[in-house]
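Engineer: have a look; sequence and predicted model below, questions after that.
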Amino acid sequence: MAAAVVAPTQSLDLSQSLSNEEGLAALEQLLVSDTAQVAVMPINWHTWGKQVAALSTAPFLSHVVAPNSRANQTKARPNHSTGEVKTASTKTAHIESTFSPTEIVIADIWRQVLGVRQLNAHDNFFDIGGNSLLAVEVISQIEAKTGARLQPASVHVQTLGQLAASVEATQPPIISNGTQLLPTDTNHNAHHQNRESPIYFGSYDEYLFGMYYQPAEGIVRDFGVVICPPWGQEYIRAHRAVHQLGLRLSNVGISVLRFDYYGTGDSAGDDLSSTIGQGLQDISMAMDELRARSGVKNIVLVGLRLGATMAALAGVSRQNVKGLVLWDPVVSGSDYLDELKEWHRKNLWYYLADIKPASVPHRLEVLGFALSETLLDELRQLDMRTLRQEMTDRILLVERQASEATGQLRAHLQNQNVKLQYQQIDGPQMWTENPDKALVPHQTLEAIIAWMTEE
């Protein structure tokens, strides 16, 4: 609907005009109409709008603000879980009468900071007039009222409802003046029943996506776990196993954070942004995020394939790494590259026998994932058998099938006087299996959990 509003400058005889109630009803019909309309008003539209927006009889005018405010824009925002794009006019209604206690707290803060009246759980702070400076104030007020410290990236990309879920997953129930602000009702929604929360953390432009698993009640562990996933197609094939590992660890009282490296998954960046150096920064950031959310000081890093190799490197550079789980680690970067190229060649021959790989300078593609020249150079120089610094005091080394390279790594670690436990566990070949099978190596997961919880 296109509507033009004209405010005459001359005086008008309004004795026969509509009453306030009749005028509001007519304007509501104008605003929801799909037909182009012209409304003539005796005063400036925005001045009048601000006056009537406060009336309870005109809830549809609650967002009447200055002409250039972002609150007047209907910028389409993607739904990251479904790919659907929605605008303000197509959002599913979540009226304030259905707000959870935490949503009410955040909504009150938004009203105070932005000066808006009506909100719903699908509103994004930046889409209704917020900016980076105001976001800092919102984060500070949320922390003061709930004790939860949100990352700026969360305020930038999440809706009001998603922010409330992040707060609830991070903090125990808070009592204020006899009122419980954060619900403990397990029927509040399935999100809280599973104790898992999707989060964003990091900076606005280089944010990372993660999944935080809150530990089960009644069990307290003095450490948390950061899961460092594999790279590329191996991550797709291992995704369900990684999720199951996070759930099972949380069931035994361990706070867990799994995340997507920068340039992968739902994190910011593209394939060419993904490097080992960047991955180490991401792991460090994830460790800090888990400490902030859970309150633990010590961290155990669980790495799979290339993620295991980066976890070992992170263990060298970071303190308070209590232990390492190296699950089928990439021992030699050069051998790993050869494996990837051969895997790529076989799949091209199987699915697309006549295709000729395109030649793109400074890039190698492996099954739809690009490797930058920087990542290629890093992999060519990578060999875990040459690491001299101590990674941590306690390591679990797990592999599906015994290999010569892993045997050499095992001997290398034993020479470093590390408390090393080695297990060779037969199970599904996740890394190269068809991802549609979603195979989960239960024995390996149980072995990792047993190692984590042993006294």
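Structural biologist: On my side now, so go ahead.

Engineer: which stretches in the stretch 51-200 of the chain count as helices?
Structural biologist: For the stretch 51-200 of the chain, helices defined by DSSP state H, counting those that start in this stretch occupy the ranges 101-114, 132-146, 152-157, 160-170, 190-193.

Engineer: would you confirm that Leu163 contacts Ser154?
Structural biologist: Yes: counting by Cβ atoms under 8 Å, Leu163 does reach Ser154; the two are 6.3 Å apart. Every C-beta, even on glycine, is put in place using the N, C-alpha and C of the backbone.

Engineer: and those two? which has more neighbours close in?
Structural biologist: Neighbour comparison, Leu163 and Ser154: the larger count goes to Leu163, with 26 against 21 (by other Cβ atoms under 10 Å).

Engineer: show me what contacts the nearest residue to the more buried one once chain neighbours are set aside?
Structural biologist: Distances taken as Cβ to Cβ, 6 or more residues apart in numbering put Ile106 closest to Leu163, at 5.8 Å, once the chain neighbours are dropped. Counting by Cβ atoms under 8 Å, 6 or more residues apart in numbering, Ile106 touches Ile142, Leu160, Leu163, Ala164, Val167.

Engineer: of those, which one scores lowest on pLDDT?
Structural biologist: Among the contacts of Ile106, Val167 carries the weakest pLDDT, at 86.

Engineer: touching, it and Ile142? I think so.
Structural biologist: Yes: contact criterion Cβ under 8 Å: Val167 and Ile142 qualify, at 6.7 Å.

Engineer: ok, back up a step: which among the contacts of Ile106 gets closest to Ala268?
Structural biologist: Leu163 (18.5 Å; Cβ to Cβ).

Engineer: contact partners for that closest one?
Structural biologist: Leu163 neighbours (Cβ under 8 Å, 6+ apart): Ile106, Ile142, Leu150, Ser154, Val155.

Engineer: residue contacts, the residue nearest to Gln381 when sequence neighbours are not counted?
Structural biologist: Nearest residue to Gln381 in three dimensions, chain neighbours excluded: Gly333, at 6.7 Å (Cβ to Cβ, 6+ apart). By Cβ under 8 Å, 6+ apart, Gly333 lies in contact with Thr309, Glu378, Leu379, Arg380, Gln381, Leu382, Asp383.

Engineer: isn't the third one up against Gly277?
Structural biologist: No: with contact defined as Cβ under 8 Å, Leu379 and Gly277 do not form a contacting pair (11.8 Å).

Engineer: which of those two has more neighbours?
Structural biologist: Using other Cβ under 10 Å as the criterion, Leu379 and Gly277 rank with Leu379 on top: 22 against 12.

Engineer: just the element for that one, please.
Structural biologist: Using DSSP states H and E, the element containing Leu379 is helix 373-380.

Engineer: which elements pack onto that helix?
Structural biologist: Packing partners of helix 373-380 (3 or more Cβ pairs under 8 Å, 6 or more residues apart in numbering; DSSP states H and E): helix 276-294, helix 333-351.

Engineer: by mean pLDDT, show me the worst of these.
Structural biologist: Lowest mean pLDDT within these: helix 333-351, a mean of 83.

Engineer: following the chain onward from that one, which element is next?
Structural biologist: Next along from helix 333-351, by DSSP H and E: strand 363-366.

Engineer: pLDDT of that following strand, averaged?
Structural biologist: The pLDDT scores in strand 363-366 average 76.

Engineer: now stretch 397-405
Structural biologist: On average, stretch 397-405 scores 93.

Engineer: can I get it in CSV? Just the C-alpha atoms.
Structural biologist: What follows is stretch 397-405, C-alpha atoms only, in CSV (Å, rounded to 0.1, in the frame of the first residue of the first chain):
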residue,chain,number,x,y,z
LEU,A,397,44.0,-40.1,21.6
VAL,A,398,41.2,-42.0,19.7
GLU,A,399,41.3,-43.5,16.3
ARG,A,400,39.0,-45.8,14.3
GLN,A,401,41.8,-47.6,12.5
ALA,A,402,45.4,-47.8,13.6
SER,A,403,47.8,-45.9,11.3
GLU,A,404,51.5,-45.5,11.2
ALA,A,405,51.3,-41.7,11.5
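
Engineer: in that stretch, what counts as buried?
Structural biologist: Going by neighbour count (16 or more other Cβ atoms under 10 Å), the buried part of stretch 397-405 is Leu397, Val398, Glu399, Arg400, Ala405.

Engineer: packing partners for the strand or helix carrying the first one?
Structural biologist: So the one you mean is Leu397. Leu397 is located in strand 394-399, with elements delineated by DSSP H and E. Secondary-structure packing of strand 394-399 (3+ Cβ pairs under 8 Å, 6+ apart): strand 321-327, helix 404-414, strand 419-424, helix 442-453.

Engineer: mind putting those into JSON lines with distance to Tyr213?
Structural biologist: Listed next are those as JSON lines, based on distance: least, Cβ to Cβ, whole Å:
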{"stretch": "strand 321-327", "distance to Tyr213": "16"}
{"stretch": "helix 404-414", "distance to Tyr213": "28"}
{"stretch": "strand 419-424", "distance to Tyr213": "23"}
{"stretch": "helix 442-453", "distance to Tyr213": "13"}
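
Engineer: local confidence estimate at His192?
Structural biologist: Looking at His192, its pLDDT reads 40.

Engineer: ok, back up a step: tell me the most buried of the helices and strands packed on strand 394-399?
Structural biologist: Comparing the helices and strands packed on strand 394-399 on average neighbours per residue, with mean count of other Cβ atoms under 10 Å, the densest one is strand 321-327 at a mean of 25.

Engineer: just want the angle from it to helix 442-453.
Structural biologist: Comparing the axes of strand 321-327 and helix 442-453 via axes from the mean of the first three to the mean of the last three Cα atoms, to 10 degrees yields an angle of 170 degrees.
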